[in-house]
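> Sequence and predicted structure below; questions after.
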Protein chains: 2
Amino acid sequence: MSLRHAVLGLLAAQPASGYDLLKTFQSSLANVWPATQSQLYGELARLADSGLVEVRTEGPRGRKEYEITDAGRRELRHWILEVEPERVRRSDTLLRAFLLGSVEPEHALDFLQGRATAADERHAELRALAASTPWGQGDLSVYGRITLEWGLRFSAMQREWADWAAGQIAAASPAVQQKPR
Amino acid sequence: MSLRHAVLGLLAAQPASGYDLLKTFQSSLANVWPATQSQLYGELARLADSGLVEVRTEGPRGRKEYEITDAGRRELRHWILEVEPERVRRSDTLLRAFLLGSVEPEHALDFLQGRATAADERHAELRALAASTPWGQGDLSVYGRITLEWGLRFSAMQREWADWAAGQIAAASPAVQQKPR
DNA sequence: GAGGACATGTAATCCGTTACATGATTCA
DNA sequence: TGAATCATGTAACGGATTACATGTCCTC
């Protein structure tokens, strides 16, 4: 049920149409909570039904500009501060790591080295994003940076973990030479 | 489509019934790729339909012991080594962080301090799990440790990030005192 | 007037969760 | 004989993804 709160959070900053929100979900939010057009319009309708948002104005081409209501603000605040976040549950990469025993050690090493490279690439991508973002003075700037920093730290951690894990496998399989980087 | 590969991966190590697999999904795998009983029995039926596993023996109480087939092993190997893992897409915590601008800075600080505590608790939980696990000599031991290490590093990273983020907010809101720990 | 951007909506399908339902075997 | 465990299956519901469908407005 977090898409609902993502939408409320965006509308808490400023009124917007589904189309406006969609652009945000495809750009900055794509790295945090991606959502599709279908989902978004459906969620807006449901939010309006439950009184957490309202149509403020209807514009050309059927444009509906939504505004958060007081009930919506209360719900958002409650969710952020009082609902315990769920842990990240599933990671594709981690599942593969768990199952690496079913391939030969040299292929396990290849996998981990691939993960190290992918983590580096992700890190570079986020660094580029940070550099190209016109960071202003507002809240969005402070919290956007904090969110991005999480991504940088996460990808750095993945890189270091993959290197460490490759070392562990090399140590456990003396016959296998770890390829030099 | 990863539950399918989690099941194949477990059956690659040894034949098992749905009931056996369920216990694994509720213990060690719960930290990596949780799955419910419903899901599991459904997936086993689908895997058998597509010829990736086979019923090896039928035991008492309708027990069906499944075995991976050659086609299943090929599919597993292909998935582990040749299918690019998906990035972790959604994090409840990160979405809240992104939206923290909609609450007062002192509550944003509370949130981040709560995350720091939760990360510490998770870290301790995983340390306890590592200590209480009878690590043997096999593959499961090597790859289980590697997976657990990821969790330890992840929770450590979250803790450090939450502390750093709290510092950023305190700096951006000079009026707000960061509570001492 | 044609093309692109704006703008919303619906349908099909898949995956995951919760709950319901049923029955067999073992052991105290 | 009754409780616990073993064992499998189905149904209902909600969220996410992809694809389909339609129409309007602006600008060149």
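Perfect, I can see it now.
> what's near enough to touch the residue most central in space within chain A?
When Cα atoms, centre = their mean is applied to chain A, the residue found nearest the centroid is residue A:32 (2.2 Å). Applying Cβ atoms under 8 Å, 6 or more residues apart in numbering or on different chains to residue A:32 gives the contacts A:147, B:90-91, B:94-95, B:98. The C-beta positions use only the backbone N, C-alpha and C, and glycine is treated the same way.
> What are the structural domain limits within chain A?
What automatic domain parsing lists as the domains of chain A is A:2-82, A:92-172.
> Redo those as CSV? Include distance to residue B:159 and mean pLDDT.
Converted to CSV, those look like this (distance: least, Cβ to Cβ, whole Å; pLDDT from 0 to 100):
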stretch, distance to residue B:159, mean pLDDT
domain A:2-82, 20, 97
domain A:92-172, 11, 95
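> What is the helix ranked longest in chain A packed up against?
When chain A is parsed with DSSP state H, its longest helix is helix A:139-172. If you count contacts as 3 or more Cβ pairs under 8 Å, 6 or more residues apart in numbering or on different chains; DSSP states H and E, helix A:139-172 packs onto helix A:105-132, helix B:92-98, helix B:139-172.
> Just name the most buried of these.
helix B:92-98 (a mean of 23; mean count of other Cβ atoms under 10 Å in any protein chain shown).
> that older thread, state the distance from the residue nearest to the centre of chain A to residue A:134.
Taking Cβ to Cβ, to the nearest Å as the measure, residue A:32 and residue A:134 are separated by 19 Å.
> ok so, going back, out of the helices and strands packed on helix A:139-172, the one nearest residue B:68 is which?
Set against residue B:68 and scored by Cβ to Cβ, the helices and strands packed on helix A:139-172 come closest in helix B:139-172, at 15.3 Å.
> Return the distance of that closest one from the chain's centre.
Mean-position distance between helix B:139-172 and its chain equals 14 Å (Cα atoms, centre = their mean, to the nearest Å).
> Kindly report the same for stretch A:55-73.
26 Å.
> Which positions in chain A make contact with DNA strand D?
A:1-4, A:34-39, A:60-62 (Cβ under 7 Å from any atom of the strand).
> change it to 10 Å
Residues of chain A lying near DNA strand D by Cβ under 10 Å from any atom of the strand: A:1-4, A:6, A:19, A:25, A:33-43, A:46, A:59-63.
> out of those, which are inside strands?
Residues of those located in strands (DSSP state E): none.
> and those residues, which are buried?
A:2-4, A:6, A:25, A:33, A:35, A:40, A:43 (16 or more other Cβ atoms under 10 Å in any protein chain shown).
> just these now: which is nearest DNA strand C?
residue A:40 (8.4 Å; Cβ to the nearest atom of the strand).
> my read: that closest one touches residue A:24, true?
No. Judged on Cβ atoms under 8 Å, residue A:40 makes no contact with residue A:24 at a distance of 9.9 Å.
> Quick check: phi and psi on residue A:36?
Torsion angles at residue A:36 (phi, psi; degrees, to the nearest 10) stand at phi -100, psi 170.
> Ok, residue A:67 next?
Residue A:67 adopts backbone torsions of phi -130, psi 140, taken as degrees, to the nearest 10.
> Let me see the contact set for it.
Residues counted as contacts of residue A:67 (Cβ under 8 Å, 6+ apart) are A:11, A:15, A:53-56.
> same check, this time on residue A:55
With Cβ under 8 Å, 6+ apart, residue A:55 has these contacts: A:48, A:64-67.
> Let's see if you can find the most crowded of these.
When neighbours are counted by other Cβ atoms under 10 Å in any protein chain shown, residue A:66 leads the contacts of residue A:55 with 24 neighbours.
> give the contact list for that one.
Residue A:66 touches A:11, A:15-18, A:44, A:47-48, A:53-56, counting by Cβ under 8 Å, 6+ apart.
> Can you tell me the SS state at it?
Put simply, residue A:66 is strand when judged by DSSP: H, G, I helix; E, B strand; the rest coil.
> still on that earlier bit, need the domains of chain A in a markdown table (columns: distance to DNA strand C).
A markdown table is the format used below for the domains of chain A (distance: least, Cβ to the nearest atom of the strand, whole Å):
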| stretch | distance to DNA strand C |
| --- | --- |
| domain A:2-82 | 3 |
| domain A:92-172 | 10 |
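> for those, which one sits closest to residue B:162?
Using Cβ to Cβ, the nearest of these to residue B:162 is domain A:92-172, at 9.3 Å.
> Quick check, pLDDT for residue A:176.
On pLDDT, residue A:176 comes in at 66.
> go on, the one 5 residues further on?
Here the pLDDT value assigned to residue A:181 is 56.
> hang on, residue A:15 packs against residue A:53?
No. Using Cβ under 8 Å, residue A:15 and residue A:53 do not qualify as a contacting pair, with a distance of 9.1 Å.
> overlap in contacts of those two?
Joint contacts of residue A:15 and residue A:53 (Cβ under 8 Å, 6+ apart) are A:66-68.
> how long is stretch A:50-64 end to end?
17 Å (Cα to Cα, to the nearest Å).
> Stretch A:95-114 now?
Start-to-end, stretch A:95-114 (Cα to Cα) is 15 Å.
> same question, stretch A:81-98
34 Å.
> contacting residues around it?
By Cβ under 8 Å, 6+ apart, stretch A:81-98 touches A:111-112, A:115, A:158, A:165, B:2, B:5-6, B:9, B:29, B:32-34, B:79-80, B:85-86, B:88, B:91-93, B:96, B:103, B:107, B:110-111, B:115, B:118, B:122, B:143-144, B:146-147, B:150, B:154.
> Swap in 7 Å and give it another go.
Residues outside stretch A:81-98 that contact it (Cβ atoms under 7 Å, 6 or more residues apart in numbering or on different chains): A:111, A:115, A:165, B:2, B:6, B:32-34, B:80, B:85-86, B:88, B:91-93, B:96, B:103, B:107, B:110-111, B:143, B:146-147, B:150.
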